[in-house]
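> Pasting the sequence and the predicted coordinates here, then a few questions.
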Amino acid sequence: MNRKEQAILRILKETDRPLSGRKITAELLHTGHEISERTVRLYLHKMDDAGLTQNFGKRGRQISDHGIEELDATGIIEKVGFLSAKIHQMTYRMSFDLESEKGTVVVNVSLAKPEDLQVCAAEIEKVFAEGFAMGELMALLYPGESMGSSVIPYGYVGFATVCSITLNGVLLQYGIPTNSRFGGLLELQDKEAVRFVEIINYDGTSLDPLEAFIRSGMTDYKGAIANGNGKIGASFREFPADSREVVEGLAKRLDIIGMGGFMTLGWPGQALLDIPVNEGNFGAVLIGGLNPAAILEENGYRIASRALAGLLDWERFFHYSEMTKRLVRGN
C-alpha cells in the first residue's frame, strides 16, 4: 500500500458516511497531496478489488473492516509527526463561521458511563466555571451515534468538548496562520499560570499530549478547582506579531459565544512562561479541550478519551450547566 492509498483510507476512516471521489480529492489537496480526481478514482477501483473499500455507487466509498485492519498494520498512524499532520487536516476540514455562528467544530470525545458523569457533575461543572475548559459549552453523543470511525456503544455516552484546534480554524478564516508548538501540563498557583512542568511537541508524537497526561494520572484538576493550585492541560501556539490586535479581538468575540480558550497572550519577540518564541511571532497559552473529562479519571472512573475525534455541528452544543438534566432525559 503506497502513501496515497494510505491517505485515502485515513480520510475514509475519519468519516461516518460514503465519500465521492471528488470529495476525497478535495480532502487530499487540503492535506498537501497533489493528485487528480482521475487518479483518485483509479486508486479507489484498485482498493475496491482488494476489499479495502466498499463501493456504494453514486454515494461514494467507505472504508471496509479489512481496510481499517490494513491501515493500522502499516503503522502509519503511529509514525512520528502524525498528530501535527492531523492538526493541519482538521483545521482545514472544520467549517465553523464566527459571523453566522454556524458550521462544524473540531471536538474531543470521552466515552463515559452516564452514571459516572452524574457522580462527577459538580466537579466537571466547576472545571468549566473556573475557566479551566475550552469555553462554556459541551455536547453529548448517545449510543449508536458515530464520531469519526467510532460508534458510541450501549451503556455509554460521548462527552464532547470543543478542541482548541478549532481556534486555529477560526483564525485561519481571518488570514491568521497558527503554529501549534506543543501540548503541556501547566502548573497553577492561585489560579494563575506559573510554568509548564511537562511538554510534548506536536511534531514529535502520534498521541495527543493531554491524552497521555490524563492516562498517566499526572493532572491535578481537583486541586485546581479546590484552591487554585494544580496541574491542567494547556497548549502553546505562536501567531504572527502583526496579528496580535486582531487575535485579541477575536478572542473576546469567542468568549462571548462560549468558545473562549485563550488563557494568556504574550508579546512579539518575548518569552511567555519562560517559553521563547520565534522572531516575528508572539506566543499564546490555550486551555486544553479535554480538561473537564480528566476529573473522571482523577475520581477513579475509567474513560476512553480521544482528542481531535472528529467534527460536530455547533448546534449540538449546550451550556455545561445543562449536562445533568440532559443525561437524565437522554437528549
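Great, that's in hand. Model, not experiment: these values are computed from the prediction.
> contacts, neighbours, all on C-alpha from now
Fine.
> Distance of the residue at the greatest distance from the centre of the chain relative to Asp72?
Centroid-distance maximum for the chain: Asp49 at 33.9 Å, with CA atoms, centre = their mean. Distance check for Asp49 against Asp72: by CA to CA, to the nearest Å, it reads 19 Å.
> Identify all contacting residues around the worst-scoring helix or strand of the chain on mean pLDDT.
Lowest by mean pLDDT, DSSP states H and E among the helices and strands of the chain is strand 150-151, with a mean of 78. Residues outside strand 150-151 that contact it (CA atoms under 8 Å, 6 or more residues apart in numbering) are Pro143, Gly144, Glu145.
> How about stretch 174-191?
168, 171-172, 193-203, 208-210, 213, 219, 224, 227-240, 243.
> hmm, try it at 7 Å
168, 171, 193-202, 209-210, 224, 227-239, 243 (CA atoms under 7 Å, 6 or more residues apart in numbering).
> now Lys113, nearest residue through space, not along the chain?
Tyr156 (4.5 Å; CA to CA, 6 or more residues apart in numbering).
> That neighbour and Lys86: what is the separation?
26 Å.
> got it, and Leu167?
15 Å.
> Counting neighbours, go ahead and name the busier of those two.
Leu167 (24 against 15; other CA atoms under 10 Å).
> just the helices in the stretch 1-150 of the chain please.
3-13, 21-30, 37-49, 65-73, 82-93, 114-119, 121-129 (DSSP state H, counting those that start in this stretch).
> quick one: buried residues of the first one?
Under the neighbour-count criterion of 16 or more other CA atoms under 10 Å, helix 3-13 has Lys4, Glu5, Gln6, Ala7, Ile8, Leu9, Arg10, Ile11, Leu12, Lys13 buried.
> Check the second one too.
Buried residues in helix 21-30, counted by 16+ other CA under 10 Å: Gly21, Ile24, Thr25, Ala26, Glu27, Leu28, His30.
> Tell me how the protein divides into domains.
3-78, 80-331 (automatic domain parsing).
> picking up where we left off before, could you spell out the sheet neighbours of the least confident helix or strand of the chain, each with its direction?
strand 146-147 (antiparallel) (DSSP bridges).
> mean confidence score for the strand it pairs with?
Average pLDDT, strand 146-147: 84.
> any idea how far it is from the chain center?
Computed by CA atoms, centre = their mean, to the nearest Å, the chain-centroid distance of strand 146-147 equals 14 Å.
> Same question for stretch 213-223.
Put simply, stretch 213-223 sits 18 Å off its chain's centre (CA atoms, centre = their mean).
> What's the end-to-end length of it?
16 Å.
> Name the surrounding residues that touch it.
So stretch 213-223 is contacted by Asn229, Gly230, Lys231, Ile232, Ala294, Ile295 (CA under 7 Å, 6+ apart).
> got it, and stretch 112-119?
Looking at what lies outside stretch 112-119 - CA under 7 Å, 6+ apart - the contacts are Gly155, Tyr156, Val157, Gly158, Phe159, Tyr301, Ile303, Thr324, Leu327.
> Save those as CSV, and put in neighbour count, pLDDT and secondary structure too.
Below are those laid out as CSV (neighbours: other CA atoms under 10 Å; pLDDT from 0 to 100; DSSP: H, G, I helix; E, B strand; the rest coil):
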residue, neighbour count, pLDDT, secondary structure
Gly155, 12, 88, coil
Tyr156, 19, 91, coil
Val157, 25, 93, strand
Gly158, 25, 93, strand
Phe159, 25, 95, strand
Tyr301, 15, 90, coil
Ile303, 19, 86, coil
Thr324, 18, 91, helix
Leu327, 16, 86, helix
